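Participant: Turn this into a model:
(one chain, ligands or ions: 2)
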Amino acid sequence: SYPQRVKLVDVGPRDGLQNEKQPVPAAVKVELVHRLQNAGLTEIEVTSFVSPKWVPQMADNAEVMAAIARKPGVRYSVLTPNLKGYEAAVLSRPDEIVVFGAASEAFSQKNINCSIAESIERFAPVVEAARAAGIYVRGAMSCTVGCPYEGEVAPERVAYLAGLMRGIGVQHIGVADTIGVGTPVKVRKAIEATLQHFDINDVSGHFHDTYGQALSNTLAALAMGVWQYDTSVAGLGGCPYAKGATGNVATEDVVYMLHGMGIDTGIDLDQLIDAGAFISEHLGRPTQSRVAKAVLAK
Ligand code: HMG
Ligand code: MG
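Facilitator: Ligands and ions are numbered 1, 2, ... in the order given. Model (predicted):
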């Protein structure tokens with residue numbers, strides 16, 4: 001049986017907008033966050049405190065965090081790759097920070113400029129400081145199915161990274177298919193590997209839709225009892241260090257599927273579609289959400 005209730009984390013403002021060619025003004029990002037929280041999202045991944053030389057789109061991190069009118073019951077998360085990022089992030093009072101590693105060595109090098117082992121050494125003091133400050137710590141694991149540089153990634157690699165994350169005190173773990181090459185059985189194996197170290201209630205799925213498999217993969221994870229997912233409004237996104245990667249699965253599409261299955265999300269689909277239309281209009285291109293396209297065409 002499937003979970004009766006699912007929590008979606010909209011990562012559009014971060015994962016979605018980090019890859020845009022044209023700079024997106026902070027005010028537009030803030031408006032997007034406001035629209036998402038008004039649509040019923042209870043967790044939003046707002047930005048990242050990474051090097052502005054690596055990801056210029058997130059250079060306005062503090063400005064965006066400061067301008068959000070926080071809604072009670074909504075959690076605001078940010079990415080922090082190292083202590084420098086954490087120290088800057090904490091001034092913005094995030095509810096949650098995200099350390100992000102990769103199951104493949106090559107992706108770790110390309111994305112955060114260090115090996116998997118080194119990344120864990122960098123994360124450890126971040127996790128310690130966050131937990132001491134009462135900030136919830138999530139870990140994200142990229143390339144848990146496939147890597148743009150190494151090809152297929154074995155579940156053992158996922159179990160290895162999940163174990164390291166657990167070992168440094170990460171409280172929740174995201175299983176990401178960064179380049180969207182996963183299919184349901186492979187995704188299930190990556191999640192099973194993660195479950196060697198984390199409870200099902202502390203695991204989320206993060207599926208990119210590059211190959212059109214993200215809803216199938218979500219359904220496979222639901223069947224395992226995974227009830228938390230990262231999704232991106234309008235299907236925004238891609239990763240600057242994963243060429244050809246398209247966005248996360250569109251939040252609208254996942255909400256439509258879940259509601260159709262009788263699973264509660266607390267999200268108002270119409271308001272969510274409006275939020276997606278707002279950002280798509282700003283970016284000057286059509287939404288990537290099939291559901292939004294269908295609804296708006298009516
Ligand atoms: P590095 O060059 O190895 O870092 O980069 P460093 O410690 O040697 O420092 C070099 C320079 O960067 C110094 O500045 C530091 O001060 C500065 P300089 O002296 O040259 O002027 N610096 C920073 N500045 C601001 N904030 C910081 C910071 N750290 C150092 N936190 C680093 C290492 C991790 C910083 C770099 O590789 C980086 O920023 N990478 C960006 C990674 C990124 O944001 N990737 C996209 C997000 S991951 C993703 O999308 C996947 C995910 O969605 C899941 C999935 O789908 O798979 C999560
Ligand atoms: Mg991602």
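Participant: Near ligand 1, which residues of the stretch 1-150 of the chain? Just list them.
Facilitator: 15, 18, 48-51, 54-55, 81-82, 84-85, 100, 111-113, 140, 142 (CB under 6 Å from any ligand atom). Where you see a C-beta, it was placed from the backbone N, CA and C, and this is true even at glycine.
Participant: Which ones among those residues lie within strands?
Facilitator: Among these, the members falling in strands (DSSP state E) are 48, 100, 140, 142.
Participant: tally of neighbours for the second one?
Facilitator: Residues near residue 100, counting by other CB atoms under 10 Å, number 21.
Participant: tell me the contacts of the residue nearest to it when sequence neighbours are not counted?
Facilitator: Leaving aside its chain neighbours, residue 100 sits nearest to residue 140 (4.1 Å; criterion: CB to CB, 6 or more residues apart in numbering). Contacts for residue 140 (CB atoms under 8 Å, 6 or more residues apart in numbering) come out as 79, 98, 99, 100, 101, 173, 174, 176, 206.
Participant: One more pass at 7 Å, please.
Facilitator: When contacts are counted by CB atoms under 7 Å, 6 or more residues apart in numbering, residue 140 touches 98, 100, 174, 176, 206.
Participant: Residue 274 too?
Facilitator: By CB under 7 Å, 6+ apart, the contact list for residue 274 reads residue 35.
Participant: May I see the buried residues of the helix or strand hosting it?
Facilitator: Assigned by DSSP states H and E, residue 274 belongs to helix 269-283. By neighbour count on 16 or more other CB atoms under 10 Å, the buried set for helix 269-283 is 269, 272, 273, 275, 276, 277, 278, 279, 280, 282, 283.
Participant: Quick one: mean pLDDT for the helix or strand just after it?
Facilitator: Counting by DSSP H and E, the next helix or strand C-terminal to helix 269-283 is helix 290-297. Per-residue pLDDT over helix 290-297 has a mean of 97.
Participant: now swap in stretch 71-88 and tell me
Facilitator: On average, stretch 71-88 scores 98.
Participant: Please apply the same query to stretch 54-61.
Facilitator: Summarised as a single mean, pLDDT over stretch 54-61 is 97.
Participant: just to revisit the earlier point, separation between the residue nearest to residue 100 and residue 23?
Facilitator: The gap separating residue 140 from residue 23 is 24 Å, by CB to CB, to the nearest Å.
Participant: quick one: contacts for the nearest residue to residue 211 once chain neighbours are set aside?
Facilitator: Of all residues not flanking residue 211 in the chain, residue 180 sits nearest, at 5.1 Å (CB to CB, 6+ apart). Shown in contact with residue 180 (CB under 7 Å, 6+ apart): 207, 208, 209, 210, 211, 213, 214, 245, 246.
Participant: Surely the first one forms part of a helix?
Facilitator: No. Counting by DSSP: H, G, I helix; E, B strand; the rest coil, residue 207 falls outside a helix, being strand.
Participant: The helix ranked longest in the chain - what's its average pLDDT?
Facilitator: If you go by DSSP state H, the chain has its longest helix at helix 116-132. Averaged over helix 116-132, pLDDT sits at 98.
Participant: Spit out the contact partners of residue 170.
Facilitator: If you count contacts by CB under 7 Å, 6+ apart, residue 170 has them with 99, 127, 137, 139.
Participant: Kindly give a single ChimeraX line that selects the buried subset of these.
Facilitator: Written as a ChimeraX command, the selection of buried residues from the contacts of residue 170, which uses 16+ other CB under 10 Å, is:
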select :99,127,137,139
